[in-house]
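Enquirer: One predicted model, sequence on top.
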Amino acid sequence: MKQVVQVKLLPTPEQAAALADTLHHVNTAANQVSARAFEEFGLRGRELPLRTLCYGDLKAGGLGAQAAQHVIKRVVDAYTTLRANMGNGNLGGPQSRRRRRVESKPIVFRPDAAHTFDDRCLSWQLDAGTVSIWTVAGRQRNLRFACSPDQARTLAVHRKGESDLVHRDGKWFLLATCDVPEPGVYEPADWVGVDRGIVNLATTSDGDNHQGRRLGRYRRWQARKRAELQAKRTRAAVRRLKKRARREARHARHVNHKISRQVVAVAARTGRGIALEELSGIRGRGTVPRDQRARLSSWPFHQLGAFIAYKARRAGVPFIEVDPAYTSQRCPRCGHTARSNRLSRDHFKCRRCGLAGPADVVAGVNVRDRARSAWVFVNMPQPAPG
């Protein structure tokens, strides 16, 4: 499986200036290639014709051979991604204002956007804790980096492919791609059902509850500060808004990492698999009160599920997604399904058999039960052809 290892660079002032000049130079070149591609091919950026048109100009502009190749590939990949988003409807219909605005102009790259380096432009000296990287000011050697011992081992054994140079919040990072082999998935003794929610971010069929109340207070405080900055309507306020948005996203990612790590650890320790509700498109299907719409839309539920999925793959834990329909209204004992079984957001009581308990735990148990049936169906021996 592909895994990205992020290490922090510790450049000297001279090295930092060379890195900044390099990002600015390659992104200026990418904007020139993008404008040429849009002029010649529209949104149908094609790599081989672009190489013929732009490679010589990029070399004459001071870029090395590999840097010029990566600039062209970045532009082609950007147009490929844009076409995919348009095809999937992510930019609206053909007549939407957003889509027409995107179709009317070339893609523009930020001056400090990340740039890709391969092993010809970047070499790692893991024992010394340094890298050697190509820049427009010449090769920068003995550029120190910092990472954890686990990250260093992963880089030494599994690093394969390209690395991205990233400048974020005044700091420099390298994002290295590693190809980590996946362990074999064991046959689960049972399943841990996980129900995701707004107040209780994750509740398992075992009754473990990862609450979001403290996080909710943090997010409400951030919302008040965001409203205050939005009211100022100044460029400085816009910069601070972007910085706060990144900080809040980092905090949410940290919380999701903690929850997913705990869920996977429990499953691996007990020899069970993990089952989640399949929630793709849930915002379009569900109806929520007006006062909860912002909370539902802002919390990254998909990110939590993705973290659990990839951590399970890395640990060899079986993982499955099941149909989410009526998991919070169905009685796991008698099967009676009715909206009236859900007395409130927190409480469940079956109208037929009287089973009562926390609503999120009942939903987790239903997810677990559906995983048992789904796993048997998926692993059922197929009849021989003919």
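Expert: Okay, I see it. Numbering: from 1, shown residues only.
Enquirer: Please report the distance of the most centrally placed residue in the chain from Arg139.
Expert: Closest residue to the average C-alpha location of the chain: Gln303 at 6.1 Å, with Cα atoms, centre = their mean. Per Cβ to Cβ, to the nearest Å, Gln303 is found 38 Å from Arg139. Backbone N, C-alpha and C define where each C-beta goes, glycine included.
Enquirer: which SS class is Arg36?
Expert: Put simply, Arg36 is helix when judged by DSSP: H, G, I helix; E, B strand; the rest coil.
Enquirer: ok, now which ones touch it?
Expert: Contact analysis of Arg36 by Cβ atoms under 8 Å, 6 or more residues apart in numbering lists Leu50, Leu53, Cys54.
Enquirer: Strands of this structure, start to end?
Expert: Per DSSP state E, the chain carries strands over the ranges 2-10, 115-117, 122-125, 130-133, 140-146, 159-168, 171-179, 191-196, 200-204, 209-211, 273-277, 319-322, 347-349, 356-358.
Enquirer: least reliable of these going by mean pLDDT?
Expert: Mean pLDDT per stretch puts strand 209-211 lowest among the strands of the chain, at a mean of 81.
Enquirer: buried stuff in that one?
Expert: Buried residues in strand 209-211, defined by neighbour count with 16 or more other Cβ atoms under 10 Å: Asn209, His210.
Enquirer: partner strands of that strand, parallel or antiparallel?
Expert: Here strand 209-211 is paired, per DSSP bridges, with strand 200-204 (antiparallel).
Enquirer: what's the angle between the partner strand and strand 273-277?
Expert: Using axes from the mean of the first three to the mean of the last three Cα atoms, to 10 degrees, the inter-axis angle of strand 200-204 relative to strand 273-277 is 140 degrees.
Enquirer: so strand 200-204 versus strand 191-196, what angle?
Expert: Going by the same axes, to 10 degrees, strand 200-204 makes 170 degrees with strand 191-196.
Enquirer: From the chain's centroid, how far away is strand 200-204?
Expert: How far strand 200-204 lies from its chain's middle: 20 Å, per Cα atoms, centre = their mean, to the nearest Å.
Enquirer: ok so, going back, so can I have a markdown table of the contacts of Arg36 showing distance to Ala245, pLDDT and neighbour count?
Expert: As requested, the contacts of Arg36 are exported to a markdown table (distance: Cβ to Cβ, whole Å; pLDDT from 0 to 100; neighbours: other Cβ atoms under 10 Å):
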| residue | distance to Ala245 | pLDDT | neighbour count |
| --- | --- | --- | --- |
| Leu50 | 34 | 87 | 22 |
| Leu53 | 38 | 90 | 16 |
| Cys54 | 35 | 92 | 22 |
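Enquirer: which stretches of the protein aren't confidently modelled?
Expert: Low-confidence segments of the chain (pLDDT under 70): 212-213, 280-300, 378-386.
Enquirer: just to revisit the earlier point, ok, the residue nearest to the residue nearest to the centre of the chain when sequence neighbours are not counted to Pro49 distance?
Expert: Of all residues not flanking Gln303 in the chain, Asn256 sits nearest, at 5.3 Å (Cβ to Cβ, 6 or more residues apart in numbering). Asn256 sits 43 Å away from Pro49, taking Cβ to Cβ as the criterion.
Enquirer: Could you do Pro149 as well?
Expert: Here the criterion is Cβ to Cβ. By it, Pro149 lies 47 Å from Pro49.
Enquirer: Kindly report the same for Ala223.
Expert: From Ala223 to Pro49 the distance is 48 Å (Cβ to Cβ).
Enquirer: first vs last residue of stretch 85-105, how far apart are they?
Expert: With Cα to Cα, to the nearest Å as the measure, stretch 85-105 spans 16 Å from end to end.
Enquirer: chain center to it: distance?
Expert: The answer for stretch 85-105 is 23 Å, by Cα atoms, centre = their mean.
Enquirer: How about it, which residues are buried there?
Expert: Buried residues in stretch 85-105, defined by neighbour count with 16+ other Cβ under 10 Å: Met86, Leu91, Arg99, Val102.
Enquirer: Can you lay out these as JSON lines showing distance to Asp208?
Expert: As requested, the buried residues of stretch 85-105 are exported to JSON lines (distance: Cβ to Cβ, whole Å):
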{"residue": "Met86", "distance to Asp208": "42"}
{"residue": "Leu91", "distance to Asp208": "40"}
{"residue": "Arg99", "distance to Asp208": "44"}
{"residue": "Val102", "distance to Asp208": "44"}
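Enquirer: Name the residue in Pro149 and Pro49 with the higher neighbour count.
Expert: Comparing Pro149 with Pro49 by other Cβ atoms under 10 Å, the one with more neighbours is Pro49, at 14 against 7.
Enquirer: neighbours around the closest residue to Glu39 other than its chain neighbours, how many?
Expert: Closest residue in space to Glu39, ignoring its immediate chain neighbours: Pro106 at 7.8 Å, by Cβ to Cβ, 6+ apart. If you count neighbours by other Cβ under 10 Å, Pro106 ends up with 20.
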